[in-house]
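1. I need the structure of the sequence given here:
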Amino acid sequence: MAVTLFDETTHRPLADALRPETLEEVIGQDHLLGENGPIARMVSGGTVGSFILWGPPGVGKTTIARLVAKSAKMEFVQLSAVMSGIADLRKVFDTAKSNRTIGRQTILFVDELHRFNRSTQDALLPHVENGSVILIGATTENPSFSLVAALLSRLKVFTLNPFDAASSELLLARVENFVGKRLPLTADARTALINMADGDGRYLVGLADDVFSLDEAEDLDIGRLSKALQKRMPVYDKAQDGHYNLLSCFHKSLRGSDVDAALYWGARMVDAGEDPMTLFRRLSCVASEDVGMADPNALPQVIAAWSAFERIGWPEGRLFIAQAIVYVATAPKSNASYRSFDAALEMARQTGSIPPPKSILNAPTKLMKELGYHEGYKYDHDYPDAYSGQEFFPEELRSKDTRFYQPQERGFERETLKRLEFWQRLKRERKQAK
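-> Here you go, the predicted structure:
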C-alpha cells in the first residue's frame, strides 16, 4: 500500500497500535486461550466450530475472532448487527460458498449479534448447520436471553472476563514498552487509572494515551489525574444483565446477612444510576421472603424508609436506604411463612373444591340455619386462653395432621413456635377430655 502524506501526521490510537498479532499475546483471557483453554485447543486441533464470545466491552472479542481466523488460515468477514441485515448476510453466504469450492473456509464474525432480530438470527441457522460459514458472534448481553433458542443450541458460548488488576497492569506495561517511557503517575494514581477503566482494556489504553498527551514533567497524583481525565460511569445497563446481576448480588447478600456486602452492592447500583425505588422494592421482598416472621418489624421498617425517601429525596434519602439495608441484612432470617403458603397452594390445587365445615359458615338466612350452617361453632373468646380447639379444615383433611407453617427457632418466630405448640397441646387435652 502506498504511503500517503497523512500517514506521518495522523496519530494512530494506541489501542489500534497495540492490537495483538497472535492469540498468545491476548491479555486477560487465559481460561480460553491458555494451553488448556477451549479456544486454544480448538485452533491447535484444527476443529474450529461456531461459537459466541460473551463479555463486557473492551476485553478482546473482536481481536480473538480475527486471530482465530488468522491462526486457522480461514477467510475472515466482519459484520455489525447494528449496521447489517439479511441482504448483507446473503452476500457473505454466496462468497463463502465460492470459497468452499477452492477449499477455503469462511469465518463470519458478527459484532453485537444480539442486535439481530429473530428473523435475521433464523436466517443464519441453515448456513451454520451445513457448515458453509463458521459463525463467531460477539455479544455484551446474556445469550440465554438475547439469542433465539435454535441458534443458541448450535453454538458454544465462551465467557470473557473483564480486565482485573493484574491483567490491567500487564496491559499498562505493554503500553509503556511501546511508547518507550513510563506513565507519569504516582502508585495511587496508577491504581485509580485502572479503576477508572472498570475492566475495559481498550478504554484503559485510551486513558493511558490521554495521560501521555498531557506531557507532565512530574508524576500526577489522584487529585490532578481526576481533573485531567473524566471518570466514566460504571458499566451498567439498567434494562439488561448489569441490572439483574447486581440486583441478584444485593438480594443474596441481604439473605446471607452480610451487611457490608449488601451496602456495597446497593451503593454500586445507586452510583450507576439505578432508581432507588428498585432497591426499596427488593428490600421489601427480602423482608418477607427471607426475614419473614423471624422479625416482623423488617417489612414496616422498609416501608417507613421508603416513604421517608419519597418525602425527603436526595441527598438525605441515602440515610433511609442505608437504614433499611442494615436492618434487613442484620435481621434474623426465616422463609417459613412464604414456604407455608406455597405448600398450602399446592394442597389447594390437589384437593380442589372440598366443601368447608358447616360449623364455620355463617347462616344469615333461615334456610341456611335449617341446613346446619353455623351449627356447633365455638366462639373462641368464650374459652380459656381464647382458644376453643375446634376444627377448621374440611373433614377429608383432618386425619392428615396438616402443618404448612413450620416456624424456625430464630428471632421472633421462636415465640410464635411456642404459641403454636401451646395451642396444639390445648387441642389434644380438650379432645381427650371429651
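2. Let me see the contact set for the most centrally placed residue in the chain.
-> The centre of the chain sits closest to N245, judged by Cα atoms, centre = their mean, with a distance of 1.8 Å. If you count contacts by Cβ atoms under 8 Å, 6 or more residues apart in numbering, N245 has none. Heads up, the C-betas are built off the backbone N, CA and C, glycines and all.
3. roughly how far apart are it and K252?
-> 11 Å (Cβ to Cβ, to the nearest Å).
4. now R174
-> Distance, R174 to K252, using Cβ to Cβ: 37 Å.
5. Give me the below-cutoff pLDDT ranges for the chain.
-> 1-12, 230-243, 399-401, 433-434 (pLDDT under 70).
6. now the strands for it?
-> 51-54, 75-80, 106-111, 134-139, 156-159 (DSSP state E).
7. What separation do you get for the residue nearest to the centre of the chain and S71?
-> Distance of N245 to S71, given as Cβ to Cβ: 32 Å.
8. coming back round to it: out of the strands of the chain, nearest to L124?
-> Judged by Cβ to Cβ, the one of the strands of the chain that comes nearest to L124 is strand 134-139, at 6.2 Å.
9. And that closest one, what does it pack against?
-> strand 51-54, helix 61-71, strand 106-111, helix 118-129 (3 or more Cβ pairs under 8 Å, 6 or more residues apart in numbering; DSSP states H and E).
10. The last one to strand 134-139, inter-axis angle?
-> Relative orientation of helix 118-129 with respect to strand 134-139: 140 degrees, computed using axes from the mean of the first three to the mean of the last three Cα atoms, to 10 degrees.
11. Please apply the same query to the second one.
-> With the same axes, to 10 degrees as the criterion, the two stretches helix 61-71 and strand 134-139 enclose an angle of 160 degrees.
12. Now do helix 61-71: which elements does it pack against?
-> Using 3+ Cβ pairs under 8 Å, 6+ apart, helix 61-71 is in contact with helix 38-44, strand 51-54, strand 75-80, strand 106-111, strand 134-139.
13. what does the third one give?
-> Contact analysis of strand 106-111 by 3+ Cβ pairs under 8 Å, 6+ apart lists helix 61-71, strand 75-80, helix 86-101, strand 134-139 as its packing neighbours.
14. Could you dump these into JSON lines with distance to A272 added?
-> JSON lines is the format used below for the helices and strands packed on strand 106-111 (distance: least, Cβ to Cβ, whole Å):
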{"stretch": "helix 61-71", "distance to A272": "22"}
{"stretch": "strand 75-80", "distance to A272": "26"}
{"stretch": "helix 86-101", "distance to A272": "34"}
{"stretch": "strand 134-139", "distance to A272": "20"}
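15. Next, the buried residues of stretch 397-406.
-> Y405 (16 or more other Cβ atoms under 10 Å).
16. now swap in stretch 248-260 and tell me
-> Counting neighbours by 16+ other Cβ under 10 Å, stretch 248-260 gives 249-251, 253-255, 257, 259 as buried.
17. Return the closest of those with respect to Y373.
-> Of the buried residues of stretch 248-260, the one sitting nearest to Y373 (Cβ to Cβ) turns out to be R255, at 45.7 Å.
18. Correct me if wrong: the closest one contacts G292.
-> No: at 11.3 Å, R255 does not count as touching G292 under the criterion of Cβ atoms under 8 Å.
19. Let me see the domain layout of this structure.
-> Using automatic domain parsing, the domains assigned to the chain come out as 29-159, 165-228, 241-330, 357-433.
20. and S168, how many residues sit next to it?
-> 23 (other Cβ atoms under 10 Å).
21. Distance of it relative to D210?
-> Counting by Cβ to Cβ, the gap from S168 to D210 is 16 Å.
22. cool, and W54?
-> The gap separating W54 from D210 is 29 Å, by Cβ to Cβ.
23. Out of the two, name the residue with the larger neighbour count.
-> W54 (23 against 14).
24. Report how many residues lie close to Y327.
-> Neighbours of Y327 under the rule other Cβ under 10 Å: 20.
25. returning to what we had before: could I get the helices and strands packed on helix 61-71 in TSV, plus columns for distance to P300?
-> Putting the helices and strands packed on helix 61-71 into TSV (distance: least, Cβ to Cβ, whole Å) gives the following:
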stretch	distance to P300
helix 38-44	51
strand 51-54	42
strand 75-80	52
strand 106-111	50
strand 134-139	43
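26. Tell me which of these sits nearest to L32.
-> Going by Cβ to Cβ, the one of the helices and strands packed on helix 61-71 nearest L32 is helix 38-44, 4.7 Å.
27. Which other helices and strands does that closest one contact?
-> helix 30-33, helix 61-71, strand 156-159.
28. Could you list which residues are in contact with S146?
-> 113-114, 139.
29. Look up how far L113 lies from it.
-> Noted for S146: a distance of 8 Å to L113, by Cβ to Cβ.
30. Ok, K70 next?
-> Distance from K70 to L113, by Cβ to Cβ: 21 Å.
31. Kindly report the same for P394.
-> From P394 across to L113, the span is 56 Å (Cβ to Cβ).
32. nearest spatial neighbour of G28, skipping sequence neighbours?
-> S167 (3.7 Å; Cβ to Cβ, 6 or more residues apart in numbering).
33. Let me see the contact set for that neighbour.
-> S167 neighbours (Cβ under 8 Å, 6+ apart): 27-28, 201.
34. buried subset of the residues you listed?
-> 27-28, 201.
35. Could you report the neighbour count for P276?
-> Quick note: P276 (other Cβ under 10 Å) scores 19 neighbours.
36. Is it in contact with I321, as I believe?
-> Yes: look at P276 against I321 with Cβ under 8 Å: they come within range, at 6.1 Å.
37. E413: neighbouring residues, count only.
-> E413: 24 surrounding residues under other Cβ under 10 Å.
38. List the contacts of it.
-> Neighbouring residues of E413 by Cβ under 8 Å, 6+ apart: 292-294, 332, 334, 336, 407.
39. Looking at the residues you listed, which is nearest R428?
-> Among the contacts of E413, P407 lies closest to R428 (Cβ to Cβ), at 18.7 Å.
40. surely A386 meets D380?
-> Yes: A386 is in contact with D380 according to Cβ under 8 Å; the separation is 5.2 Å.
41. follow-up on the earlier one: so P394 and L113 - more neighbours on which side?
-> A direct count of neighbours by other Cβ under 10 Å for P394 and L113 places L113 higher, at 28 against 13.
42. which non-adjacent residue is nearest the more buried one?
-> Per Cβ to Cβ, 6+ apart, closest to L113 is G137, 3.4 Å.
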